[in-house]
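In: Give me the fold of what follows.
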Amino acid sequence: MIAKCVQINIRLYSPEDDALLKWYAAQGDHYGGRTHAIKQALKQGISASAEQTPALDMVEMRNVVEAAVTTAMARFDVTAINGNGNDEDENEKAEQLLANLGNALTLEEQ
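Out: Numbers count the residues shown, from 1 in each chain. Purely as a prediction, here's the structure:
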């Protein structure tokens, strides 16, 4: 549960905090003005950091996935199943090939 009132104490030092000190002094002396300004600045900072989440670069993502699939496929001797022979045996081989490919793509040990 969030506390109803939290007191935050900070120290601002010159010269490294001069910009903040100047901003704070400019907020005026009326009752609650500085507190309100600090709350607004904190809220703006929170919303700005939430908006700065990096966008997915779909081209880069596609290149990475294609490279991973190419690398994984190169590890296996893939041949076409021609339909001649035991269907159950071919299904088992195909399932094993897909399982191995899946493990290679997710970087799991075989």
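In: Can you tell me what sits against whichever strand or helix holds K39?
Out: Assigned by DSSP states H and E, K39 belongs to helix 33-51. The contact list for helix 33-51 (C-beta atoms under 8 Å, 6 or more residues apart in numbering) reads Y24, Q27, G28. Quick note: C-beta positions are derived from backbone N, CA and C, even for glycine.
In: what's around the closest residue to the first one other than its chain neighbours, how many residues?
Out: Read that as Y24. Leaving out its chain neighbours, the residue that sits closest to Y24 by C-beta to C-beta, 6 or more residues apart in numbering is R34, at 6.5 Å. By the criterion of other C-beta atoms under 10 Å, R34 has 15 neighbours.
In: Which per-residue confidence value corresponds to R34?
Out: On pLDDT, R34 comes in at 88.
In: which residues in the protein form helices?
Out: According to DSSP state H, the chain carries its helices in the segments 18-25, 33-51, 58-74, 87-105.
In: would you list these in TSV and tack on distance to R11?
Out: Output for the helices of the chain, formatted as TSV (distance: least, C-beta to C-beta, whole Å):
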stretch	distance to R11
helix 18-25	11
helix 33-51	14
helix 58-74	43
helix 87-105	52
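In: Those: which one's closest to I8?
Out: helix 33-51 (8.4 Å; C-beta to C-beta).
In: what's the angle from the closest one to helix 18-25?
Out: With axes from the mean of the first three to the mean of the last three C-alpha atoms, to 10 degrees as the basis, helix 33-51 and helix 18-25 are set at 130 degrees to each other.
In: Could you give me the buried positions within the helix holding K39?
Out: Residues of helix 33-51 classed as buried: none (neighbour count, 16 or more other C-beta atoms under 10 Å).
In: Please renumber the chain so that the first residue is 46 from this point on.
Out: Done: numbering now begins at 46, and the last item shifts to helix 78-96.
In: got the CA coordinates for that helix in PDB?
Out: Taking only C-alpha atoms (Å, rounded to 0.1, in the frame of the first residue of the first chain), the coordinates of helix 78-96 have been written out as PDB:
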ATOM      1  CA  GLY A  78       4.300  26.800  -5.500                       C
ATOM      2  CA  ARG A  79       7.700  25.200  -5.400                       C
ATOM      3  CA  THR A  80       6.200  21.900  -4.200                       C
ATOM      4  CA  HIS A  81       3.700  21.900  -7.100                       C
ATOM      5  CA  ALA A  82       6.500  22.700  -9.600                       C
ATOM      6  CA  ILE A  83       8.600  19.800  -8.300                       C
ATOM      7  CA  LYS A  84       5.700  17.400  -8.500                       C
ATOM      8  CA  GLN A  85       5.000  18.600 -12.100                       C
ATOM      9  CA  ALA A  86       8.700  18.100 -13.000                       C
ATOM     10  CA  LEU A  87       8.700  14.600 -11.600                       C
ATOM     11  CA  LYS A  88       5.500  13.700 -13.400                       C
ATOM     12  CA  GLN A  89       6.900  15.000 -16.700                       C
ATOM     13  CA  GLY A  90      10.100  13.000 -16.100                       C
ATOM     14  CA  ILE A  91       8.100   9.800 -15.600                       C
ATOM     15  CA  SER A  92       6.000  10.300 -18.700                       C
ATOM     16  CA  ALA A  93       9.000  11.300 -20.800                       C
ATOM     17  CA  SER A  94      10.900   8.100 -19.700                       C
ATOM     18  CA  ALA A  95       7.900   6.000 -20.500                       C
ATOM     19  CA  GLU A  96       7.700   7.500 -24.000                       C
END
